[in-house]
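>>> The following block contains a protein sequence and its predicted model.
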Amino acid sequence: IRSLLESKHCPQTQESGLPCKCGRCAVCDLFGSGDSKTIQSPSRLVFRDCQPTKGTQEVWEEAGTSSEVKTEVLIDRNKGLSYGRIGPRTTERIPAGSDFDFAFSLRIFEGDDTSKYYTLLAEGFELLEKHYLGGSGSRGYGEVAVVVNDGAPMAAHLRQKAKGA
């Protein structure tokens, strides 16, 4: 989420492709600065590890695995053969439909514009859902939907919180 927001909002990242370290922008406010010389305040976001839900664990136990392996090969389209010395490559991934629980905390400090932070975080979740999580997104891997307990999109939930902030 941080890298997606930086790519959209941080000129330093847009120019260099590197993480923003300005310490002044809203993204640095949320996630912290990567440079000890520019830290203005502690990071406001704390993300916890994602754990598979009980239902997902049961599906995995029944299947005998918590991952699937997909093998791909680069094909020379003119010859219909494997291209050069690039042989089959395998990718391990989590099966589609797997659900995870996770939690995050947004620390609020005196004088903070909480509406701004909720709105930016909502945008980050929207970008994540339009993008992908992990590698090989162009191959269809890493598609995620982030929802709150009632099934509503996380971004919509955060936008509601922004209105009430």
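All right, it came through fine. Just so you know, these numbers come straight off a predicted model, no measurement behind them. Residues are numbered from 1 along each chain as shown.
>>> right, and the helix or strand after the helix or strand bottoming out on mean pLDDT in the chain?
Within the chain, judged by mean pLDDT, DSSP states H and E, the helix or strand with the poorest mean is strand 81-82; its value is a mean of 80. Per DSSP states H and E, the first helix or strand lying C-terminal to strand 81-82 is strand 89-93.
>>> can you list contacts of that following strand?
Ser67, Glu68, Val69, Lys70, Thr71, Glu72, Val73, Ser136, Tyr141 (C-beta atoms under 8 Å, 6 or more residues apart in numbering). Every residue, glycine included, has its C-beta placed from N, CA and C.
>>> For the helix or strand that that strand is followed by, name the packing helices and strands.
Once the chain leaves strand 89-93, the next helix or strand it forms, by DSSP H and E, is strand 100-101. Helices and strands touching strand 100-101, by 3 or more C-beta pairs under 8 Å, 6 or more residues apart in numbering; DSSP states H and E, are strand 51-52.
>>> where do the strands sit along this protein?
45-47, 51-52, 68-72, 75-76, 81-82, 89-93, 100-101, 104-106 (DSSP state E).
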